[in-house]
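> below are the sequence and a predicted model for it; my questions follow.
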Amino acid sequence: MGVEVAYQDLGDTDLLALIAAGRKGALEALYTRYARHVFGVAYALLQDVGMAEEVVQEVFMAVWQKAHMYTEARGNPRLWLLSIAHHRTIDLLRRRRRKGEVGTPLSLLQPSPEISLENDPDDEAASQECRARLLRALRQVNPDQREVLLLTYFHGLTQREVAQRLGIPLGTVKTRIRLGLLKLRSLLGPWTETDL
Amino acid sequence: MKCGRVRDLLPAYAVSALDAATWWAVDVHLQRCPRCAGEAQPLLEGAMGLSAIAAAGIALPPALKRRVLEGIGGTRRPLPHPSPPAWRGVLTGIALAALLAVILGLGVGVFHRQARLQGQIEDLAHRLRVLETLQDARLAHLATALLAMQQREDYRTETLARSLHDLRQLVYWSATSDLRIIGVKGTPSAPTAYGVLMAPPEGRVALLVILGLAPLPPSHVYQVWLVQGDQRISGGTFTVDKAGWAQVLVHPPEPLTSFDGLRVTIEPLQGSLTPTGPLVLAADLLRR
């Protein structure tokens, strides 16, 4: 029996509860909320539309099948979803690297119109403003910490590979990642839906 | 995987800088350990900033949504969630039947009145169905919460069993001659506090016994830190009883000999990633 529920008005946790109960509309609402972010991360790292789409499909399939495993103790649902998305992207990136299919490294601290698929001028302006704000925050992170964050998050290196590449102890890599992430969080402040 | 090991790996987990097997092992641990999940939150929020940088300015391919939704069609495996109680369907039927009877009682010949009532019936039926759907979702959510409670209870039982095992080990070690007993001194912030740290030299567990610390308000805990160069690695949190007594099992991620010292600070209830509160106890591990 079809029932109209205003899924878009529900919070992420409620949507996951409904997805766990088999409500496809709830998954669609979650997709509308976060798919662009998931696709954006995957595309920026992989530089391949087809593979980025594959990541989006896998992530939302995982949400559909594992929503019942999510508990509020895990914290914010979008952090859970985006960490799955990034992990899957990094997995693909490492596979490509092993096959020698390494794409052009992403130059994050430079303007990168080449990765923009945006076609709405208003959306593009808002996105550029958001990106500029985020990059300003990243530039304020200590350069040593920023370097480690870029090598791990965007280039897919493990913490051990970073230690070897930079010739620094593993413990130092761990500390730099931790401090860099906490600094970035404090600079960006609390997240809202519009940030995504 | 133990909490101490997981917490050591959390920064790398947040940026996916672990091999796939270790990443999933941490992820599974976070599903059942609210405290570690709480520690992961600020790191994941920082990582979300990085992902937002990557995602800004990129639009979704329009056809992707259809493919994703088609992709999940037919893949659903039935998930356990409570069925709506049978009485609710009966009540819904009774309500509808009663309304229909009212309509018939008012006279079949009054067509416009019947039509209006019919509309009201449909509206009521729709509302009932919406309520039923929401109730299903709430019941499913409740079932999930109960499952999580059960998992937490299992986890506590496992933790207690592990602590008992560790204590038995310490009793065994206490009978050996190489047990290290290190004095822990109160700082000017807690001049009456003192304690001892007992551990085998290469052991991965140590017993910290403390006396004379002031009981804290419910919003705060004492937190143990292992000092290694400029790093401070959390060794867990604890509270003291009214007499200022506490005993804490510390699980160093590496042998105790690789640490320079031990510190105890006052921190917020959830514990901190690095020391933020006043230092109350300290011990030097290097010169031992």
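Thanks, I have the structure now. Numbers count the residues shown, from 1 in each chain, chains lettered A, B, ... in the order given.

> which ones are touching the residue of the stretch 1-150 of chain B found nearest chain A?
Using CB to the nearest CB, the single residue of the stretch 1-150 of chain B nearest to chain A is residue B:55, 2.6 Å away. For glycine as for every other residue, the C-beta is placed from the backbone atoms N, C-alpha and C. Residues in contact with residue B:55 (CB atoms under 8 Å, 6 or more residues apart in numbering or on different chains) are A:36-41, A:44, A:196.

> of those, list those near chain B.
A:36-41, A:44, A:196 (CB under 8 Å from any CB of the partner chain).

> nearest to residue A:80, of those residues?
Each of the ones next to chain B among the contacts of residue B:55 was checked against residue A:80 using CB to CB; the closest is residue A:38, at 12.2 Å.

> helix or strand: which one has the closest one?
Element membership of residue A:38 [criterion: DSSP states H and E] is helix A:24-46.

> name the nearest residue to the residue of the stretch 1-150 of chain B closest to chain A, sequence neighbours excluded.
Leaving aside its sequence neighbours, residue B:55 sits nearest to residue A:40 (CB to CB, 6 or more residues apart in numbering or on different chains; 2.6 Å).

> check residue A:152 too.
Nearest residue to residue A:152, sequence neighbours excluded (CB to CB, 6+ apart): residue B:17, at 3.9 Å.

> try residue A:53
What sits nearest to residue A:53 in space, not counting adjacent residues and going by CB to CB, 6+ apart, is residue B:64, at 5.5 Å.

> what does residue A:86 give?
Excluding the flanking residues, the one nearest residue A:86 by CB to CB, 6+ apart is residue B:16, at 5.3 Å.

> just residue B:238 next, same as before
The nearest residue in space to residue B:238 (CB to CB, 6+ apart) is residue B:248, at 4.6 Å.

> just the pLDDT at that neighbour, thanks.
On the pLDDT scale, residue B:248 is placed at 88.

> may I ask you to confirm that it is in contact with residue B:198?
No. At 11.2 Å, residue B:248 does not count as touching residue B:198 under the criterion of CB atoms under 8 Å.

> what is the rounded mean pLDDT of the host helix or strand of residue B:25?
Using DSSP H and E, residue B:25 sits in helix B:20-32. In this model, helix B:20-32 has a mean pLDDT of 87.

> and stretch A:37-46, by the same measure?
88.

> which is the next helix or strand following the helix or strand of chain A with the lowest mean pLDDT?
Of all helical and strand segments in chain A, the minimum by mean pLDDT, DSSP states H and E falls on helix A:121-140, at a mean of 75. Following helix A:121-140 in sequence order, the next helix or strand is helix A:143-149 (DSSP H and E).

> just the buried positions in that following helix, please.
Using 16 or more other CB atoms under 10 Å in any protein chain shown as the test for burial, helix A:143-149 gives A:145-149.

> how about stretch B:60-74?
Judged by neighbour count using 16+ other CB under 10 Å, the buried positions of stretch B:60-74 are B:60-61, B:64-65, B:68-69, B:72.

> ok, which stretches of chain B are helices?
Using DSSP state H, the helices of chain B run over residues B:3-14, B:20-32, B:34-55, B:64-72, B:86-105, B:111-174.

> what's the least confident stretch among these?
Among the helices of chain B, helix B:86-105 scores lowest, at a mean of 58.

> so what are the domain limits for chain A?
A:9-104, A:109-196 (automatic domain parsing).

> and chain B, by the same measure?
For chain B, automatic domain parsing gives the domain ranges B:3-53, B:180-284.

> just give the number of residues close to residue A:184.
Using other CB atoms under 10 Å in any protein chain shown, residue A:184 has 25 other residues around it.

> most proximal residue of chain A with respect to chain B?
residue A:40 (2.6 Å).

> what's the neighbour count on that residue?
Residues near residue A:40, counting by other CB under 10 Å: 27.

> now residue A:80
24.

> within range of chain A, give me the residues from the stretch 151-288 of chain B.
Near chain A, when you scan the stretch 151-288 of chain B using CB under 8 Å from any CB, you find B:151-152, B:228-231, B:273.

> residues touching the nearest residue to residue A:36 once chain neighbours are set aside, list them.
Spatial nearest neighbour of residue A:36, chain neighbours left out: residue B:60 (4.9 Å); criterion: CB to CB, 6+ apart. Contact partners of residue B:60, counting by CB under 8 Å, 6+ apart, are A:35-36, A:39.

> which stretches of chain A form helices?
Counting by DSSP H, the helices of chain A are A:12-20, A:24-46, A:49-66, A:77-98, A:121-140, A:143-149, A:159-166, A:170-188.

> help me confirm that residue A:64 comes into contact with residue A:21.
No. Residue A:64 is beyond contact range of residue A:21, at 11.7 Å (criterion: CB under 8 Å).

> and the two most separated of the ones next to chain B among the contacts of residue B:55?
A:44 and A:196 (14.4 Å).

> which of the two has more neighbours?
When neighbours are counted by other CB under 10 Å, residue A:44 and residue A:196 differ, and residue A:44 comes out ahead with 22 against 19.

> not counting its neighbours along the chain, what's nearest the more buried one?
Counting by CB to CB, 6+ apart, the residue nearest residue A:44 is residue B:54, at 3.6 Å.

> and residue A:55, how far from residue A:69?
20 Å (CB to CB, to the nearest Å).

> same check, this time on residue B:239
Going from residue B:239 to residue A:69 by CB to CB gives 32 Å.

> show me which of the two is the more surrounded one.
Neighbour count, other CB under 10 Å: between residue B:239 and residue A:69, residue A:69 has more, with 17 against 14.

> measure that one to residue B:208 for me?
Here the criterion is CB to CB. By it, residue A:69 lies 36 Å from residue B:208.

> pLDDT weak spots in chain A?
Within chain A, the stretches with pLDDT under 70 are A:1-5, A:101-127, A:190-196.

> what about 50?
Across chain A, the ranges flagged by pLDDT under 50 are A:1-2, A:105, A:109-118, A:192-194, A:196.

> so what's the residue nearest to residue B:13 when sequence neighbours are not counted up against?
In space, residue B:13 comes closest to residue B:26 once its chain neighbours are excluded; the distance is 4.6 Å by CB to CB, 6+ apart. Contact analysis of residue B:26 by CB under 8 Å, 6+ apart lists B:1, B:6, B:9-10, B:13, B:18.

> would you turn the residues you listed into a markdown table with neighbour count?
Below are those laid out as a markdown table (neighbours: other CB atoms under 10 Å in any protein chain shown):
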| residue | neighbour count |
| --- | --- |
| B:1 | 13 |
| B:6 | 22 |
| B:9 | 23 |
| B:10 | 24 |
| B:13 | 29 |
| B:18 | 23 |
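
> any chance of these in CSV, plus distance to residue B:113?
What follows is the contacts of residue B:26, written out as CSV (distance: CB to CB, whole Å):
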residue, distance to residue B:113
B:1, 70
B:6, 68
B:9, 71
B:10, 68
B:13, 66
B:18, 70
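
> ok, for the residue sitting nearest the centre point of chain B, nearest residue in space, not its chain neighbours?
Of all residues in chain B, the one closest to the mean position by CA atoms, centre = their mean is residue B:34, 1.2 Å from it. Leaving aside its chain neighbours, residue B:34 sits nearest to residue A:73 (3.9 Å; criterion: CB to CB, 6+ apart).
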